[in-house]
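>>> Structure here, sequence nowhere to be found:
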């Protein structure tokens, strides 16, 4: 019967609601008079019936005008109960006035008794229906506990209560004074009781909903939650909610920042803005992980023009569409130009810089995946070394004011071609900085970027979801980590600080042990590690061995005497450089070896140059190893200047 009511159309449901309210209001009037006259079976006279009927009609009209019948019962809010109160007040006043105008006996206490009964009956019927509708749905929901009893947590609980997936069973607070409180009927417990809460409330998931200004140590909190072996997820941050990019109930896996284990580096926005506002800026590799984030942050500083340079058609299309939307929604007024091309084509780069009057270049275009570059030596050197040289020379020729190279910690004492090629790119810019003074060159060196293409975090997450195993190259391998926004902010900061030829590095705190990161992710996704001691565990961690060119640990500095800067977390490296004449001879030899497809010669030249290159294996280029190197071509064919 009840299900048939739920299947009715909206119009018929409203008719049923009106009919129920008519009955409830008449009963409330009868009960009010009966209580006043102390008669168990009070029977109204004809005049009292007229007054009662008119009062009910006016009340129903007031409810219609106030929008009570437009409210969906299962999603009834506090505002609906206020509407009932307003309608009941109007009804009571109507009863008093009708009794006075029609000279009908309406004792003074009757309107007050009637008001109370009418509110109870009208709102009570709706509350009962809402409970009946929502109770079956609640049984199908997964019970969750919300960590954080602030505004964010309360908003999340309201959103989940209206949804179909999760039922908020408890709040977990980090303030002992809130223990045993009730918020919207949901109990609040101190975090020290979290194991009991999970057990007694059948909690299957923990949702982090911490206010931005809570000042809670997230690293310490996650360390407290990790042994529980229950999934820990989070909600979008406030900036995403304000921008309309996400809803409060968009539950997601833990933010990468939560796994970082340290406070992010904050930029000096005033200094960065001064170097970007009203300028024409070009980003190479604009569709990549770092390049695209650079574009997102640059555009908010309102340059006059932002040129996106990318060789991948789809990546360029995606970032241009995103930036055009952002530009329109935030009314930034930035001219956005999306251009296809490769950094190894100097004339293309020069034509773009001249045409759009480029004043600052952020060079993010590079091949950066260690095993892939190790297997494609020629392309890695062409793109990372000669691509950087040609873009930089084009910048000098076109009078670009600033040029910032995105480098890597793998350029420090490299054991792989990717790292050696990036160190060579640094040497190119250092030499060009000494050769001229028109363009200010600077380099930014940082560790692994969490969440970028090829990062271990999304790889581990996919492997855990697939049931494992999680593959780690070595039990002792460690890495420095930072987030994509943080890395991009550092690049912008260095671009505004550079005076010419500096290598900036970030004080990244303690490095992270990759095996420990994998274990933390397994535990925080609610699973257990499968080991010899725990053969019934969920996810096994397998050590696959170091890949070609891979090191156990990375470094950020070649020397041991870094120099401080105006930013407390940014240092300036003191490192060896070459004059342009010395470097040019090395580059010429490297180009000839590249044109001849001589991978052994390239490796030899990279070792002889002051890159610190010390390969931990033989040349692993796939084509070279299969003996299919082509005949040497004349320079005019392969030298794409």
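Structure's in. What do you need? All values reported here derive from a predicted model rather than from experimental measurement.
>>> Look at residue 466 and say how many residues are nearby.
10 (other CB atoms under 10 Å). Any C-beta I mention is one placed from the backbone N, CA and C, and that applies to glycine too.
>>> Quick check on it: phi, psi?
Backbone geometry at residue 466, expressed as degrees, to the nearest 10, gives phi -80, psi 0.
>>> got the contact list for it?
Contacts of residue 466 were listed using CB atoms under 8 Å, 6 or more residues apart in numbering, and none were found.
>>> Determine the three-state secondary structure at residue 207.
Put simply, residue 207 is strand when judged by DSSP: H, G, I helix; E, B strand; the rest coil.
>>> hang on, isn't it packed against residue 147?
Yes: with contact defined as CB atoms under 8 Å, residue 207 counts as touching residue 147 (6.7 Å).
>>> domains in the protein, as residue ranges please.
The chain breaks down by automatic domain parsing into domains covering 2-136, 141-254, 269-448+481-508+555-565+572-622.
>>> Include mean neighbour count when you put those into a markdown table, please.
Rendered in a markdown table, the data for the domains of the chain read as follows (neighbours: other CB atoms under 10 Å):
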| stretch | mean neighbour count |
| --- | --- |
| domain 2-136 | 16 |
| domain 141-254 | 17 |
| domain 269-448+481-508+555-565+572-622 | 20 |
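>>> export those to JSON lines and tack on mean pLDDT and distance to residue 537?
Formatted as JSON lines, the domains of the chain follow (pLDDT from 0 to 100; distance: least, CB to CB, whole Å):
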{"stretch": "domain 2-136", "mean pLDDT": "79", "distance to residue 537": "36"}
{"stretch": "domain 141-254", "mean pLDDT": "77", "distance to residue 537": "10"}
{"stretch": "domain 269-448+481-508+555-565+572-622", "mean pLDDT": "87", "distance to residue 537": "26"}
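>>> wait, which of those is closest to residue 456?
Ranking these by proximity to residue 456 (CB to CB) places domain 269-448+481-508+555-565+572-622 first, at 7.6 Å.
>>> could you dump the domains of the chain to TSV with distance to residue 456?
TSV is the format used below for the domains of the chain (distance: least, CB to CB, whole Å):
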stretch	distance to residue 456
domain 2-136	43
domain 141-254	15
domain 269-448+481-508+555-565+572-622	8
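>>> out of those domains, which comes closest to residue 467?
Nearest to residue 467, of all the domains of the chain, is domain 141-254, at 15.0 Å by CB to CB.
>>> from the middle of its chain, how far away would the closest one be?
Chain-centre distance of domain 141-254: 18 Å, with CA atoms, centre = their mean, to the nearest Å.
>>> Now residue 301: which helix or strand?
Assessed by DSSP states H and E, residue 301 sits outside every helix and strand.
>>> State the distance from the spatially closest residue to it that is not a sequence neighbour to residue 489.
In space, and not counting its chain neighbours, residue 301 is closest to residue 276: 4.0 Å by CB to CB, 6 or more residues apart in numbering. The gap separating residue 276 from residue 489 is 12 Å, by CB to CB, to the nearest Å.
>>> still on that earlier bit, of all the domains of the chain, which one comes closest to residue 464?
Across the domains of the chain, closest to residue 464 is domain 141-254 (CB to CB), at 9.8 Å.
>>> Please, where are all the helices along the stretch 351-500 of the chain?
Here the stretch 351-500 of the chain has its helices, by DSSP state H, counting those that start in this stretch, at 370-375, 377-381, 387-397, 417-435, 456-465, 484-497.
>>> What is the last one packed up against?
Spelled out, that is helix 484-497. For helix 484-497, the packing partners by 3 or more CB pairs under 8 Å, 6 or more residues apart in numbering; DSSP states H and E come out as helix 269-276, helix 289-299, strand 360-363, strand 402-406, strand 440-445, strand 448-450, strand 502-506, strand 570-573.
>>> could I get the ones you listed as TSV with distance to residue 22?
Listed next are those as TSV, based on distance: least, CB to CB, whole Å:
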stretch	distance to residue 22
helix 269-276	62
helix 289-299	58
strand 360-363	70
strand 402-406	72
strand 440-445	73
strand 448-450	62
strand 502-506	71
strand 570-573	73
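>>> Out of these, the one nearest residue 31 is which?
helix 289-299 (64.2 Å).
>>> what packs against the closest one?
Packed next to helix 289-299, using 3+ CB pairs under 8 Å, 6+ apart, are strand 280-284, strand 305-310, helix 313-329, strand 360-363, helix 484-497.
>>> possible to save these as a markdown table with distance to residue 336?
Listed next are the helices and strands packed on helix 289-299 as a markdown table, based on distance: least, CB to CB, whole Å:
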| stretch | distance to residue 336 |
| --- | --- |
| strand 280-284 | 11 |
| strand 305-310 | 5 |
| helix 313-329 | 6 |
| strand 360-363 | 15 |
| helix 484-497 | 17 |
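>>> looking at this, residue 17 is in a helix?
Yes: assignment of residue 17 by three-state DSSP places it within a helix.
>>> ok, what's across the strand from the nearest residue to residue 522 once chain neighbours are set aside?
Once flanking residues are discounted, residue 522 sits nearest to residue 539: 4.9 Å by CB to CB, 6+ apart. Counting by DSSP bridges, residue 539 forms beta bridges with residue 529.
>>> State which helix of this structure is the longest.
Counting residues, the longest helix in the chain under DSSP state H turns out to be helix 109-139.
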